[in-house]
Structures are given as C-alpha cells and as structure tokens.
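[1] with the sequence up front, the predicted model follows.
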Amino acid sequence: MALESVAFRPYTGTIDPNSKRYQTAKAMVEEGKAQKSETQKKYEEQLEELRTLLRMLGKDTSVVDEMMKLYEGDEELAIRNLMGRLDEDGDPINSYGVSGMDITGKDPSTIQKIIDIPEAARQDMFDTSLREFIRDYGGMGNGETDRTAVYTRYQLSVEKSDRLKGTWTLQQYEGCYNRAFYNIVKEANPDWKPGDKFDASIFDGITREEIECQIVQTGDRDLTLISGNGIDVKA
C-alpha cells in the first residue's frame with residue numbers, strides 16, 4: 001500500500017521567540033504581509049468604507065471588526081501553524097514528515113552526489129522494485145507504488161544532512177535494479193516488451209548482491225549498470 005501523507009498540525013509546545021523554528025515562522029508571516037496582493041488591499045479598503053458608513057449611520061461596527069479579524073487572521077495561530085511545518089532548525093518538513101528535503105536555492109551539484117547507502121535501505125529498494133516490476137510486467141502499472149515509503153524509511157534513518165544526497169543515490173540504485181530486471185526478462189524472452197506478460201520464475205534465485213556486482217560508479221553523481229550478461233537467468 002502506498003504511503004499516505006502526514007497531516008500537519010499546529011505547533012502546540014511552548015513558544016521560544018529565540019528558537020530557529022519560531023524565528024523562521026515569524027519571518028514567513030511577515031513576508032506574507034509584505035506581499036499582500038492588490039485584491040487583498042482592495043478588500044480591506046472596502047471593509048474600512050463599510051465601517052465608516054456604519055459609523056455615520058450610528059450603527060454597530062462590531063460585525064466589520066470581526067470580518068477584519070477573520071480576514072487578517074490570528075498572527076499567533078498563523079505562526080503556530082507554520083511552526084508545525086518546520087523542524088527545530090527551522091527547516092521545512094515535507095508531507096511525509098521528513099525535514100531536510102527542500103531543494104529551494106540549492107546548487108544541484110551539492111545534492112546530486114553518490115554517497116554510501118546502508119545495505120538495509122538498498123535491500124528495501126531492491127525488494128520493492130522487483131515486486132512492482134513483476135506485478136506490472138515491467139510496465140507503468142496503475143500508479144500505485146511503495147517507492148515513496150522506501151525513500152521515506154531511508155530518509156528518516158539517516159542524518160538530515162545526508163538525506164538529499166542519499167535520496168539521489170538511492171534513485172540511482174533503483175534505476176540500475178530496474179534495468180537489470182529488464183535485461184533478465186529480455187535475455188529469457190528476446191521479443192518481450194514492457195507491459196507484456198512473462199514468467200516471474202525467471203527471477204528465482206536472483207539477489208541484490210548479484211546485480212550490484214554489475215553496478216559501477218561513473219563520476220561523482222551516477223551509478224551505471226554495466227551489463228546484464230553476468231547474471232544467470234532461467235531459460
């Protein structure tokens with residue numbers, strides 16, 4: 001089953017104005033105020049005009065006051081809502097509850113680097129990729145995938161500073177695994193095309209270690225499957 005996103009909740013802890021989480025959220029609120037659109041300004045002007053008219057008529061303006069509060073919003077609540085989307089360092093938390101995954105303003109060369117990936121995470125990706133390759137006959141499938149859950153488990157298992165580079169590297173492994181699966185099916189069935197059915201037993205006995213023997217690093221950022229010829233497949 002595909003991983004479901006995590007619902008964001010307002011920050012409920014004690015607010016420390018000196019914390020990075022608070023300061024980042026506060027800055028975001030202030031930036032939002034500074035970028036108020038012309039439509040918003042016009043709406044405020046209309047409310048002020050209505051307030052003035054009610055005063056001239058000797059009417060109660062509390063309704064307008066409440067509308068203005070609703071429109072402007074509660075700043076503390078806005079800050080708490082934003083703090084719920086940030087970690088203790090003020091870094092954004094994505095919809096799966098993982099921080100350190102924001103690439104905004106980052107140089108791709110600092111992210112797209114090969115680093116060591118724990119064996120458990122590689123095995124997790126191998127097992128999931130093989131299961132879905134067999135299920136979808138190497139095709140696109142119906143869109144359902146457990147890949148996100150694999151990446152999220154990996155990301156939460158490592159230091160935040162390694163999450164982007166590690167995710168890039170794990171994607172490289174995923175691509176190599178799928179290419180190897182493709183080669184295995186093609187070797188057994190030369191006329192096969194992705195989406196066509198095949199006998200899943202051709203993968204019996206195939207291991208991650210066997211496939212990784214065919215993976216080499218090319219440069220700082222890429223992993224390449226050099227050949228499928230060294231992998232034994234059933235006829």
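    Right, received. Where do you want to start?

[2] what residues are up against the nearest residue to Lys160 once chain neighbours are set aside?
    Distances taken as Cβ to Cβ, 6 or more residues apart in numbering place Gly100 nearest to Lys160, at 3.6 Å, with adjacent residues excluded. Where C-beta positions appear, they are placed from N, C-alpha and C, glycine not excepted. Counting by Cβ atoms under 8 Å, 6 or more residues apart in numbering, Gly100 touches 87, 91, 155, 160-161, 163-164.

[3] any idea which of those residues has the most stuff around it?
    Most neighbours among the contacts of Gly100, by other Cβ atoms under 10 Å: Gln155, with 23 neighbours.

[4] what segments of the protein are strands?
    215-218, 222-225 (DSSP state E).

[5] strands paired with the last one, and their directions?
    With DSSP bridges as the test, strand 222-225 is paired with strand 215-218 (antiparallel).

[6] what mean pLDDT does the partner strand have?
    For strand 215-218, mean pLDDT rounds to 95.

[7] in it, what counts as buried?
    Ile215 (16 or more other Cβ atoms under 10 Å).

[8] and the contacts of it?
    114, 173, 176, 223-226.

[9] residue ranges of each domain in the chain, please.
    Per automatic domain parsing, the structural domains of the chain span 1-99, 108-225.

[10] quick one: average pLDDT of the first one?
    So that's domain 1-99. Rounded mean pLDDT across domain 1-99 is 82.

[11] before we move on, what about stretch 140-155?
    89.

[12] may I see the buried residues of it?
    145-147, 149-155.

[13] between the two ends of it, how far is it?
    Length of stretch 140-155, first residue to last, Cα to Cα, to the nearest Å: 25 Å.

[14] likewise for stretch 213-225?
    OK, stretch 213-225 end separation, Cα to Cα: 9 Å.

[15] any idea how far it is from the chain center?
    24 Å (Cα atoms, centre = their mean, to the nearest Å).

[16] can you verify my assumption that Cys176 contacts Arg208?
    No - when contacts are counted by Cβ atoms under 8 Å, Cys176 is not listed as touching Arg208 (10.5 Å).

[17] neighbour-wise, which of these two wins?
    Taking other Cβ under 10 Å, Cys176 and Arg208 do not tie; Cys176 has more neighbours (22 against 19).

[18] list the contacts of Gly97.
    6, 152, 156.

[19] still on that earlier bit, list just the nearest of the contacts of Gly100 to Glu119.
    Of all the contacts of Gly100, Glu119 sits closest to Gln155, with 16.5 Å by Cβ to Cβ.

[20] relative to Gln217, how far out is that closest one?
    Note on Gln155: its distance to Gln217, by Cβ to Cβ, to the nearest Å, is 21 Å.

[21] all helices of this protein, in order?
    For the chain, the helices defined by DSSP state H occupy 20-34, 38-56, 62-72, 75-83, 108-111, 119-135, 147-157, 163-188, 208-212.

[22] can you count the residues close to Phe198?
    Residues lying near Phe198 (other Cβ under 10 Å) number 17.

[23] ok, Gln123 next?
    Gln123: 13 neighbours (other Cβ under 10 Å).

[24] just give the closest residue to Phe133, not the sequence neighbours.
    Phe181 (4.6 Å).
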